[in-house]
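Peer 1: For reference, the sequence and a predicted model appear below.
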Amino acid sequence: DQQVKQNSPSLSVQEGRISILNCDYTNSMFDYFLWYKKYPAEGPTFLISISSIKDKNEDGRFTVFLNKSAKHLSLHIVPSQPGDSAVYFCAASFSGNTGKLIFGQGTTLQVKP
Amino acid sequence: KAGVTQTPRYLIKTRGQQVTLSCSPISGHRSVSWYQQTPGQGLQFLFEYFSETQRNKGNFPGRFSGRQFSNSRSEMNVSTLELGDSALYLCASSERDYQETQYFGPGTRLLVL
């Protein structure tokens, strides 16, 4: 049972444009969501998170949007840079079980110069 | 602060052997979680330790075990290794309980021959 899904395995965008990565979840108990960036053979690097009491959170070029009714979140990167090329994972957890993150399968982002 | 450290970074074992991986969390972090990453299954939760107690366990066989010491350092052990245990094993730490971000180490790459 895939509780967190990233339906797009890959995404390619031009440098300077917006990158939008999507994530869907099925468990309505999730109340904390995170995005991580990962390079091969390295650990995931935390990017940004959002609590279910919010619908938007910004940090520099990164913005995460949460639509609870649709059980959908998205990560916007503006402007995209070649150094953003990596695999992006969304993850979810819920109160009382925050030590356990449920990850999506990841989306490979390629930003072309 | 220093980040999460994991040792060793690379390991080669043969089937039937056992292996112990080590994780040192960020100073002050009391929660340590372990994850397995494989190409087929993605990032999957193994278990979580908090104040030397296992709080959560993922859906892995009993060959996978772990522990946490009083200084929050953690070890995981895999006994009777199988070829399918070849993976990147990731450790993550967080400071406390509620909606806390997990920070990952670089991982240990295990190859079982």
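Peer 2: That came through, no problem.
Peer 1: Could you use CA atoms for every contact and neighbour count after this?
Peer 2: Noted.
Peer 1: Without its sequence neighbours, what residue ends up closest to residue 92?
Peer 2: If you meant another chain, say so; for now it's chain A. residue A:33 (4.5 Å; Cα to Cα, 6 or more residues apart in numbering or on different chains).
Peer 1: try again with chain B
Peer 2: residue B:104 is the one closest to residue B:92 (Cα to Cα, 6+ apart), at 4.1 Å.
Peer 1: The one you found touches residue B:4, doesn't it?
Peer 2: Yes. Using Cα atoms under 8 Å, residue B:104 is in contact with residue B:4, at 6.2 Å.
Peer 1: which residues are common contacts for those two?
Peer 2: Between them, residue B:104 and residue B:4 share these contacting residues under Cα atoms under 8 Å, 6 or more residues apart in numbering or on different chains: B:91, B:92, B:93.
Peer 1: With pLDDT and neighbour count as extra columns, can I get these in JSON lines?
Peer 2: Compiled in JSON lines, the shared contacts of residue B:104 and residue B:4 are given as follows (pLDDT from 0 to 100; neighbours: other Cα atoms under 10 Å in any protein chain shown):
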{"residue": "B:91", "pLDDT": "97", "neighbour count": "33"}
{"residue": "B:92", "pLDDT": "95", "neighbour count": "29"}
{"residue": "B:93", "pLDDT": "94", "neighbour count": "31"}
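Peer 1: average pLDDT for the helix or strand encompassing the residue nearest to residue A:92?
Peer 2: Following DSSP states H and E, one finds residue A:33 within strand A:32-38. The average of the pLDDT scores along strand A:32-38 is 95.
Peer 1: So for it, what gets flagged as buried?
Peer 2: A:32, A:33, A:34, A:35, A:36, A:37, A:38 (16 or more other Cα atoms under 10 Å in any protein chain shown).
Peer 1: What residues does the closest residue to residue B:85 other than its chain neighbours make contact with?
Peer 2: In this structure, residue B:85 finds its nearest non-sequential neighbour in residue B:112, 6.7 Å apart by Cα to Cα, 6+ apart. Shown in contact with residue B:112 (Cα under 8 Å, 6+ apart): B:12, B:13, B:14, B:15, B:81, B:82, B:83, B:84, B:85, B:86.
Peer 1: let's go with 6 Å and repeat that
Peer 2: Contact analysis of residue B:112 by Cα atoms under 6 Å, 6 or more residues apart in numbering or on different chains lists B:12, B:13, B:14, B:83, B:86.
Peer 1: Equivalent analysis for residue B:41, please.
Peer 2: Residue B:41 touches nothing, counting by Cα under 6 Å, 6+ apart.
Peer 1: before we move on, the earlier item: show me the beta-bridge partners of the residue nearest to residue A:92.
Peer 2: Residue A:33 has the following beta-bridge partners by DSSP bridges: residue A:50, residue A:92.
Peer 1: Check residue A:73 too.
Peer 2: residue A:23, residue A:66.
Peer 1: correct me, but it touches residue A:56?
Peer 2: No. Contact between residue A:73 and residue A:56 fails when scored by Cα atoms under 6 Å: they sit 9.5 Å apart.
Peer 1: Give the residues shared as contacts by these two.
Peer 2: Contact with both residue A:73 and residue A:56 is made by residues residue A:65, according to Cα under 6 Å, 6+ apart.
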